[in-house]
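In: Would you be able to build a 3D model of this:
(chains A, B and C)
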Amino acid sequence: MLKFASTRLLSAIPTLFIVSVAVFGLIRLIPGDPASLMLGDLADADALAAARKTMGLDQPVPVQFLIWLGNVVQGDLGRSVLNGQPVLDLVLHRFATSAQMVLIAVGLSVLIAVPLGMAAAWRQNGGLDLTIVALSTLLLSVPTFWLGLMILLAFGLKLGWLPVLGYVSIADNPVAGLIYLVMPVLTLVLHEVGIIVRMARASTLDVLRLDYITHARAKGMSESAVLLHHAARNAFGPTWTLIGLILGNLLGGVAVVETVFTIPGLGRLIVDSIYARDYAVVQGCLLFVALTYLLVNLVVDLLYPLFDPRVTAE
Amino acid sequence: MSLSRSLLHACLSSVALALPGLAMASTLTVQITADIRSSQPGINRDAGTDSVMLNVVEGLVAAGEKGEIRPMLAKDWSVSADGKAYTFTIRDGVKFHNGETMTAADVEWSLEKLIRDPEFSCKTFFDGSRDAKVETIKATDDRTVVITLDRPDAMFLNYMAQAQCGSTGIVHRASFNGDGSWKAPVATGPFVFGDWKRGEGLVLKKFADYSITGDKPDGYGGRKDVLVDQVKYMVVPDTATAVAGLRSGALDVLPYLPPGEAAKLKDEKDFTIVAAPHGGLVTMLFQTTDTLMSNVAMRHAVIAALDTPAIVDSVTYGLGIPNNSLVSSGSLYHTATHDKGYVYDPQAVPALLQKAGYKGEKIVILTNRRSAINYDTAIIAQAMLQSAGINAEIEVLEWASQLDRFNSGKYQIMAFNYSNRTDPGLAYQTVVGSKAKKPNTVWDDADVAALVNKSLQEADPEKRQAIFDDLHARFLDQAPFVMLANGLDVGVSGPKVRGYRTWQGFARFWGVERSE
Amino acid sequence: MKRHQPNRIIGGALLSCFLGAALVGRFWTPYDPMRLDLRSKLQAPGAAHWLGTDEFGRDVLSRLMAAAGTSVSISLITVFFAVLGGVTLGVIAGYARGWTDRIVMALNDALLAFPSMLLALALLSVTGANMYGIILALGMAYTPAMVRVVRGSVLSLREREFIEASRLMGNSAAYTMFRHILPNSLGPVIVLATSMFGSVLLTESALSFLGLGVPPPAPTWGNMLASARPHIAEAMWLGIFPGLCISLSLLGINLFGDAIRDRFDPRMRGL
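Out: Take a look at the predicted model:
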């Protein structure tokens, strides 16, 4: 297991390298650069050239890449051209903000969605099943930029229960921090529940059809015992993979939710930096996101055998 | 229900007490859509940063309500006969935010530091590459500063007062760290730069020792009475959230709102809409070197197919004033001559198209979603062109990409806004020039360029008026682009706010009151 | 098979409804979906405009009908690419394991970590803002998740007795993959693919929200939903109708997806 983990971590290095080359290339492929954005319609050739020089953009792209890579290896992700902050500080700070929201949301979603999905599978094609499927489908088809706004208007404005905007870190003030997280977490939970329910239902259905379940039933075990002892344990595999994907995806930023609820998280940082062509920040963020993704997926694969004894982690 | 609700309220208000700033007396809470870029005026900036920082810093001179030059830190000034030396007398007893009194030596040091900085965003205004070069800045005694130029420049004081240049604001040496890097502004303005939480917002505090001058507010000059204890800026990128914040009372002022959003709040008595056109230009640019658009008959055909007053009315929700002249509708120079504009004449289009030899080629209109005005303009214009038989299509670009196309001149038609130009001469100067030298130029005509230069060097208003009238006639005749209206910034303030006005697109917070 | 009837019928009915609307919308709509009428902006649903008008006075019903074709084809093609790429790579990686697995997964994880917005921006700047660029960007963004899920399911399947048996019987790897592994991993694939169908419509909507979607004035459900957002307070219908179209088509495809799965599921055959 330890060997498995260390091989996986080693094999992450090429992935991270691919990510950094691709990000470096792609962001420069997009037209527009930070110098012209800063100067706006004041730009003339001299001013542009001068601004590019101070930003280090006058060098050929491969040279820029090598300089950047050399610094990254030494742990220096560079500075933001927008406000001069060190990228590493910026990324870690923003990540902490996003992570507390995402971890709570995914935890709650799993607790709600997995039992619902199994219940639906257990009563396949019954009224309960159809209701759960229809509701989860409905949740899936509401974009978060709508859902978030409706929740904001309902709880923040109409009912006045929660503060409409602002943000306090949980580390600074746990009570206030949690209050500010209620609406964004609710938005995320409603959306993710829709996805996880359907996967949990499908994988439970798969398992329920297997021979050993039939055997268990034939042996006279009660339905609930079958469901809890045999099906639950074995049905969780694909759902678990999906949860890993969702977690990785959300930790990489929930820009829309962060925008609607004015949370200074990583997702908004990435989107803002792409718009501002803040190259160093985009590169730093995506490298960090890729690393998070790899770690989350590694943990998912390591824990997979717990849910599906047939698979060994190696 | 009511019990649980009041419990919740009690709980929330105790939370509010624990939050810094929220429970303070007379705090004005203001939306900014993006964080400021830096606290160093004129160095690392954008329009939003200028709008915040000009509450903190002041220059020797300032732009007045109508764009005329007003004294600020300078009491008065004189220009030598050859127009090359400016002698400023600075005001007595002006205090920096750290309590020290400003001297001429401070002014010399600060200006020298800013103007010679290679990262100064207005560097080209002062180093001879556009106009005159600043040769020396000297404090000749405790109260006098002399600036000498290499040649006369009628626009010199205008450049000094420009917001993009941070109003060439005077800051104390303590604004910098020992190694010469920037720390935070220690300036002379009515607000002190306070706590800045990056990505979340910042606080400006009232400067108790501010030395008031003038008798009434006048642009960035004049009297600046601070009537609140502090101004708290919050980064709220989403307009819908900001409007909800305004309704709930969490925000007091939204300085920049898409006109459509403002129009919805207009009829509600709690909210005050402030809309004022400024010297910016709302346009549809033609690329006059494009095979199709280089034909003047083609450009006239496009213009005849556009009902420009209807476009302006629709995209600004009735808040904008149609104006087909580059002389802004609020300017002293906007006489009846400049009211003459385009004629909407769809019947004339086929003949013009035939004259241009148009055979249904596709024309692409570039636009973006950052500016609601640009986006709506493109949609409406495209429909009008289509119905007049011009095969127009829309391409929506992300803003930085569109700006790139603007700078390289690679487009056919583009919905574009120019930022504020305080003087008609500067508005013409922005669009006129040689495309070979500067690809983002729109109107490439040597005679016109000479006229524009003349207008910038001419001090006599009557002669300037004649030049602007001539330029407008040429503009309508050559149709190098479609001028729709002047830039429009719409702001809204909540029920507790008194006295908030918008001016030239800036959010100033002196003279603004908040009742409890 | 009998007990699946209602779901299949509802699913089929919803899908044919939308396909019908898409087909009719190509040839006929009540109004011209692109025609502006600045005098009748934001009109509530009524006799003249059954589903109201939008912020430019365009007829919402006509736009929904015209959008059906574009939206459904963007979504179907994207999902088709994601399934094709995802299943191929996932089965190969999961079955072969070792180095092949590592290489495929290294590339896959690199792609997964990419925000779809950056991909879309980069690809659209090359292809220009059009439907194909969007399909390409979305397809690339959606494939890696499919690869991961398929690989996970194959990893679990290859330990089962019947796969072992097929191998012992001397069947080739390709035969085992196609005959035994593929059909048995269809469950999660169909679930993910049907979820993706909706998700693609929403991502297209989010891209439109950022100004990167299908260029106007051509409507899609996604860009209609995105441009309705500022009017949420006074013109709710502008968001509700395209939202309903996305919901109902998604429900239809889900129910239908379940039916397809049962049909192809070897364990369900002959029931």
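In: For the stretch 151-300 of chain B, just list every one of the strands.
Out: When assigned using DSSP state E, counting those that start in this stretch, the strands of the stretch 151-300 of chain B occupy the ranges B:191-197, B:201-206, B:217-218, B:221-222, B:230-235, B:253-254, B:272-286.
In: elements contacting the last one?
Out: This points to strand B:272-286. Packing partners of strand B:272-286 (3 or more Cβ pairs under 8 Å, 6 or more residues apart in numbering or on different chains; DSSP states H and E): helix B:259-265, helix B:372-387, strand B:413-418, helix B:424-431, strand B:481-493, strand B:502-503. (C-beta placed from N, C-alpha, C; glycine too.)
In: likewise the fifth one?
Out: The elements that strand B:230-235 packs onto, with contact taken as 3+ Cβ pairs under 8 Å, 6+ apart, are strand B:27-32, strand B:201-206.
In: Figure out which of those strands is closest to chain C.
Out: Proximity to chain C, assessed across the helices and strands packed on strand B:230-235 by Cβ to the nearest Cβ, is greatest for strand B:27-32 (15.7 Å).
In: related to what we said a few turns ago, right, and the strands of the stretch 151-300 of chain B - which one's nearest B:T101?
Out: Distances from B:T101 to each of those were compared using Cβ to Cβ; the shortest belongs to strand B:191-197, at 16.2 Å.
In: what about the chain, any weak spots by pLDDT?
Out: Defaulting to chain A. Applying pLDDT under 70 to chain A picks out residues A:1, A:42-43, A:210-212, A:229-235, A:252-253, A:307-314.
In: My question was about chain C, not that one.
Out: Under the criterion pLDDT under 70, the flagged ranges of chain C are C:1-5, C:117, C:210-211, C:261-271.
In: so where do the helices sit in it?
Out: In chain C, helices defined by DSSP state H lie at C:5-27, C:60-96, C:98-112, C:116-127, C:131-157, C:161-168, C:173-176, C:182-184, C:186-209, C:221-228, C:237-264, listed in chain order.
In: Please name whichever of the ones you listed is nearest to B:G245.
Out: Closest approach to B:G245 among those (Cβ to Cβ): helix C:186-209, 19.9 Å.
In: that older thread, just put the helices and strands packed on strand B:230-235 in JSON lines and tack on distance to B:E462 and mean pLDDT.
Out: Conversion of the helices and strands packed on strand B:230-235 to JSON lines gives the following (distance: least, Cβ to Cβ, whole Å; pLDDT from 0 to 100):
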{"stretch": "strand B:27-32", "distance to B:E462": "42", "mean pLDDT": "96"}
{"stretch": "strand B:201-206", "distance to B:E462": "43", "mean pLDDT": "96"}
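In: okay, now the closest residue to A:G156 other than its chain neighbours: neighbour count?
Out: Across the structure, with Cβ to Cβ, 6 or more residues apart in numbering or on different chains as the measure, the residue nearest A:G156 apart from its sequence neighbours is A:V164 (3.9 Å). Residue neighbour count, defined by other Cβ atoms under 10 Å in any protein chain shown, stands at 25 for A:V164.
In: Tell me who's in contact with the residue positioned nearest the centre of chain B.
Out: Most central in chain B under Cα atoms, centre = their mean is B:N420, positioned 3.8 Å from the mean C-alpha point. The neighbours of B:N420, taking Cβ atoms under 8 Å, 6 or more residues apart in numbering or on different chains as the test, are B:163, B:278-280, B:487, B:504-505.
In: go again using 7 Å as the cut-off
Out: Taking Cβ atoms under 7 Å, 6 or more residues apart in numbering or on different chains, we find B:N420 in contact with B:278-280, B:487, B:504-505.
In: any idea how far C:M105 is from the residue of the stretch 201-314 of chain A found nearest chain C?
Out: Closest residue of the stretch 201-314 of chain A to chain C, Cβ to the nearest Cβ: A:A290 (3.6 Å). When Cβ to Cβ, to the nearest Å is applied, the distance between A:A290 and C:M105 equals 13 Å.
In: cool, B:S515 as well?
Out: As defined by Cβ to Cβ, B:S515 lies at a distance of 63 Å from C:M105.
In: okay, the two: which has more neighbours?
Out: Taking B:S515 and C:M105 together and counting by other Cβ under 10 Å, C:M105 has the greater number of neighbours (25 against 8).
In: and chain B, which of its residues are near chain C?
Out: Selection of chain B residues close to chain C by Cβ under 7 Å from any Cβ of the partner chain yields B:239-240, B:260-261, B:264, B:310, B:314, B:368-369, B:379-380, B:382-383, B:394-396, B:398, B:401.
In: Mark which of those residues are buried, thanks.
Out: Among the residues of chain B next to chain C, the ones that count as buried by 16 or more other Cβ atoms under 10 Å in any protein chain shown are B:239-240, B:260-261, B:264, B:314, B:368-369, B:379-380, B:382-383, B:394-396, B:398, B:401.
In: can you give me the offset of whichever strand or helix holds B:V134 from its chain's centre?
Out: Using DSSP states H and E, the secondary-structure element containing B:V134 is strand B:134-139. Once both centres are worked out by Cα atoms, centre = their mean, to the nearest Å, strand B:134-139 turns out to sit 28 Å from its chain's centre.
In: which residues are contacting that strand?
Out: Taking contacts as Cβ under 7 Å, 6+ apart, the residues outside strand B:134-139 that touch it are B:104-105, B:107-108, B:111-112, B:115, B:126, B:145-150.
In: For burial, what's the neighbour tally of the residue lying closest to B:R370 once chain neighbours are set aside?
Out: Once flanking residues are discounted, B:R370 sits nearest to B:W399: 4.2 Å by Cβ to Cβ, 6+ apart. Each residue near B:W399 was counted by other Cβ under 10 Å, and the total is 17.
In: And the helices in the stretch 151-300 of chain A?
Out: For the stretch 151-300 of chain A, applying DSSP state H, counting those that start in this stretch gives helices covering A:174-208, A:211-218, A:223-225, A:232-251, A:255-260, A:266-276, A:279-307.
In: What parts of the stretch 101-250 of chain C come near chain A?
Out: For the stretch 101-250 of chain C, the residues in contact with chain A under the definition Cβ under 7 Å from any Cβ are C:102, C:106-107, C:109-110, C:112-113, C:115, C:117-118, C:121-122, C:125, C:145, C:148-149, C:152-153, C:155-156, C:159-160, C:187-188, C:191, C:195, C:198, C:202, C:205-206, C:209, C:225, C:229, C:232, C:239, C:243, C:246-247, C:250.
In: separation between the residue of the stretch 1-150 of chain C found nearest chain A and A:G265?
Out: Nearest to chain A in the stretch 1-150 of chain C, going by Cβ to the nearest Cβ, is C:A113, at a distance of 3.6 Å. Remark: distance between C:A113 and A:G265 (Cβ to Cβ) = 17 Å.
In: returning to what we had before: could the strands of the stretch 151-300 of chain B be laid out in JSON lines, adding mean neighbour count?
Out: Compiled in JSON lines, those are given as follows (neighbours: other Cβ atoms under 10 Å in any protein chain shown):
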{"stretch": "strand B:191-197", "mean neighbour count": "19"}
{"stretch": "strand B:201-206", "mean neighbour count": "21"}
{"stretch": "strand B:217-218", "mean neighbour count": "18"}
{"stretch": "strand B:221-222", "mean neighbour count": "22"}
{"stretch": "strand B:230-235", "mean neighbour count": "24"}
{"stretch": "strand B:253-254", "mean neighbour count": "25"}
{"stretch": "strand B:272-286", "mean neighbour count": "22"}
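In: among those, which is nearest A:I243?
Out: Set against A:I243 and scored by Cβ to Cβ, the strands of the stretch 151-300 of chain B come closest in strand B:230-235, at 32.0 Å.
In: now the closest one: mean pLDDT?
Out: The predicted model assigns strand B:230-235 a mean pLDDT of 96.
In: same check, this time on stretch B:163-178
Out: Averaging pLDDT along stretch B:163-178 gives 94.
In: mind listing what's buried in that stretch?
Out: For stretch B:163-178, the buried set under the neighbour-count rule, 16+ other Cβ under 10 Å, comprises B:163-172, B:175-176.
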